[in-house]
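> Got a sequence here, can you build the structure:
(one chain, ligands or ions: 2)
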Amino acid sequence: MQNFQGVGVSPGRVIGTIRQMPKPVSEPPSGELLAASTTAEEAVAGLKAAAQSVHDELKARADKASGDGKAVLEATALMAKDTMLLKSAIKLINNGSSAERAIWEAGASVSEMLHNLGGYMAERATDVLDVRARIVAELRGVPAPGIPASDSPFILVAEDLAPADTATLDPAVVTALVTSGGGPQSHTAIIARSLGLPAVVAARGVDEIPDGTEVFVDGAAGTLSLEPTEEHRTAALAWVANAATLAVFDGNGTTADGHLVPLLANVGGAKDAAAAAALGAQGVGLFRTEFCFLERDTEPTVLEQAAAYRGVFDAFPGKKVVLRTLDAGADKPLPFLTDATEPNPALGVRGYRTDFTTPGVLGRQLEAIAIAADETEAEVWVMAPMISTAAEAARFASMCDAAGIKTPGVMVEVPSAALTSASVLRHVGFASLGTNDLTQYAMAADRQLGPLAELNTPWQPAVLRLVQLTVAGSAEEGSGKPIGVCGEAAADPALAVVLVGLGVSTLSMTARSLAAVGTVLKTVTLEQAQELARLALSAPDALDAKAWVRAKLPILEELGL
Ligand code: PEP
Ligand code: MG
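Numbers count the residues shown, from 1 in each chain. Ligands and ions are numbered 1, 2, ... in the order given. As a prediction, the model looks like this:
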């Protein structure tokens, strides 16, 4: 039996057969000509047949899909028959180009043209690039890029997943995710947790496992085992049985001795918010507003924004909704705010800093938030991402004040803000620890990189110290302003207990994790949580911190968490 060890990022134990995500389609060489044995007519006929079959395949998948996935697939299917795309490719073939090179170049120019048109048309630009890659794959007789289509369930193995892959990822078919790259804070990890799929990232060597191999995946332990044993089968069955207990949160975040810790949800829009409310979330601890506009080339109007924000507020009447202003930059570029050519975007003009280079957008967003907040019953708090100094916190608070927003706050995700939290908090009403970025910046380790996964975990004692210092800063400031956590750390039930022990007042996570975190939190008293926090802080490294705390929480093993 061979084991692959990675980093477990979403719990669950399953047995299944694997499918490898096809490699991206490579660009046909520039200037590639028609083969001597092929006439232009034959190449044109081949291209049309390939385009037709790409269309038919996408259409068939769209017919079976629903929601966002269906819309994405339908739009992409239509693009495969786009006359402008095919006509310009045929022209290139008639001038001597190979069919593959012709569709590649035609796709590039149509995509650029759509991009330049802006608005809705610009949103179709990436569909064209997807379609041209599919047509080239069809012409080459290799598997189409993207998540494999299948009627039977499988465990998806990939190098990493892009945000766009989520739209076509059907959790009824994909039963677990394992990647050779990607870190614990990567998109794969975030996607897996939000879909409730067991997942392991940074498992080196898994790309070599042949399609169809039966494996056992343990998303808590971070392992993939070939040749599953009887013990694995029993564990997989037990996970299915436990899944029912872990599916529903009772809406009451508390320790065993009644210390209340509201459990909130991280959402990206109205649909997530409605789902989170249905899963028992006690409010929203992080509304990532940039997720509403990732596809936009131009700044959304104030009224468009107000409508998007109201969609989330309306799901939580009378409850707290913490909205974060646009966190554009690094892994979440917004063309109207960020510069795609920055050499080091994670350390660049990102989040609140975009107000230095594109003034006006933040002010208009605050205006939109105030309009939406006025029209709903939700208790709206507003925070800025990537705050680094007390002066920035003060300026953001005064901008909120000018817009009529009552409760301004900051994300603490840059180590300087954690280290000076008393001065930062003097100007605002609350702070929320973004442990994903706090970890990447404290450890100087890109959160997206698989090879740095061991550094990039919030179990690092250095990161836990920064959490402790942030909470201490709040006490020092005098008023004990609330400090929440809205990074992925809050979704790890063992780490959630440690965070409560460190003194954070709320935990916000993907709604799917609420029940697991709520269940584990109820098994410890506040004093025990504080003891576990001391234990984690005293560990020499992240691995020991995690192992020592987990050993004191046997319920995790019982539930497969
Ligand atoms: C974080 O950095 O922890 C966070 C919650 O923000 P994001 O993941 O959106 O950068
Ligand atoms: Mg962040």
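> neighbouring contacts of whichever strand or helix holds Asn116?
Per DSSP states H and E, Asn116 falls inside helix 99-117. Here helix 99-117 makes contact (Cβ atoms under 8 Å, 6 or more residues apart in numbering) with 27-32, 34, 43-44, 46-47, 50-51, 82, 84-86, 88-90, 92-93, 97, 121-122, 124-126, 128-129, 131-132, 135-136, 139-140, 297. No exception for glycine: its C-beta is placed from N, CA and C like everyone else's.
> Apply 7 Å and report the result again.
Residues outside helix 99-117 that contact it (Cβ atoms under 7 Å, 6 or more residues apart in numbering): 27-28, 32, 43, 46-47, 84-85, 88-89, 92-93, 121-122, 124-125, 128-129, 131-132, 135-136, 139.
> and what of stretch 29-48?
Contacts for stretch 29-48 (Cβ under 7 Å, 6+ apart): 89-90, 93-94, 96-101, 103, 139.
> how about a cut-off of 6 Å?
90, 93-94, 96, 98-99, 101 (Cβ atoms under 6 Å, 6 or more residues apart in numbering).
> For that stretch, measure first residue to last.
One end of stretch 29-48 to the other measures 21 Å (Cα to Cα, to the nearest Å).
> just the helices in the stretch 151-300 of the chain please.
187-195, 230-245, 270-278 (DSSP state H, counting those that start in this stretch).
> and the protein, what are its domains?
Domain assignment for the chain, taken from automatic domain parsing, gives 3-22+147-245, 40-140, 263-559.
> tell me how far the first one is from the chain's mean position?
Distance of domain 3-22+147-245 from the chain centroid (Cα atoms, centre = their mean, to the nearest Å) equals 16 Å.
> can you tell me how far the residue of the stretch 101-250 of the chain found nearest ligand 1 sits from Val9?
Going by Cβ to the nearest ligand atom, ligand 1 is nearest to Gln185 of the stretch 101-250 of the chain, at 6.8 Å. Distance from Gln185 to Val9, counting by Cβ to Cβ, to the nearest Å: 9 Å.
> Name the SS class of the closest residue to Glu557 other than its chain neighbours, please.
Excluding the flanking residues, the one nearest Glu557 by Cβ to Cβ, 6 or more residues apart in numbering is Arg550, at 7.9 Å. At Arg550 the chain is in helix, as set by DSSP: H, G, I helix; E, B strand; the rest coil.
> Can you name the residues of this structure sitting close to ligand 1?
The chain has residues 286, 288, 327, 413, 434-437, 486-487 near ligand 1, with proximity defined as Cβ under 6 Å from any ligand atom.
> Let's see that with 5 Å instead.
413, 434-437, 486-487 (Cβ under 5 Å from any ligand atom).
> which pair in those residues spans the largest distance?
Spatially, the most separated pair among these is Asp437 and Cys486, at 10.8 Å (Cβ to Cβ).
> For those two, work out which one has more neighbours and name it.
Between Asp437 and Cys486, Cys486 has the larger neighbour count (other Cβ atoms under 10 Å), namely 28 against 24.
> Verify the stated contact: the more buried one with Ser508.
Yes. Cys486 is in contact with Ser508 according to Cβ atoms under 6 Å; the separation is 4.0 Å.
> which stretches of the chain aren't confidently modelled?
Applying pLDDT under 70 to the chain picks out residues 1, 67-69, 118-123, 162-164, 166-167, 187.
> between Gln185 and Val9, who's got more neighbours?
With neighbours defined as other Cβ under 10 Å, Gln185 and Val9 compare such that Val9 has more, 31 against 28.
> give the contact list for that one.
Val9 makes contacts with 184, 189, 199, 201, as judged by Cβ under 6 Å, 6+ apart.
> Tell me the spacing between it and Arg512.
Distance, Val9 to Arg512, by Cβ to Cβ: 13 Å.
> Repeat that for His232.
The gap separating His232 from Arg512 is 23 Å, by Cβ to Cβ.
> How about Lys59?
Per Cβ to Cβ, Lys59 is found 31 Å from Arg512.
> cool, Ala496 as well?
14 Å.
> So which of those two has more stuff around it?
For the pair Ala496 and Arg512, the greater number of neighbours falls to Ala496 (26 against 22), based on other Cβ under 10 Å.
> and the more buried one, what element?
Taking DSSP H and E as the criterion, Ala496 maps to helix 493-502.
> And that helix, what does it pack against?
Using 3 or more Cβ pairs under 6 Å, 6 or more residues apart in numbering; DSSP states H and E as the contact criterion, the elements in contact with helix 493-502 are helix 461-477, helix 514-521, helix 526-538, helix 542-551.
> Please consider this matter closed, and thank you.
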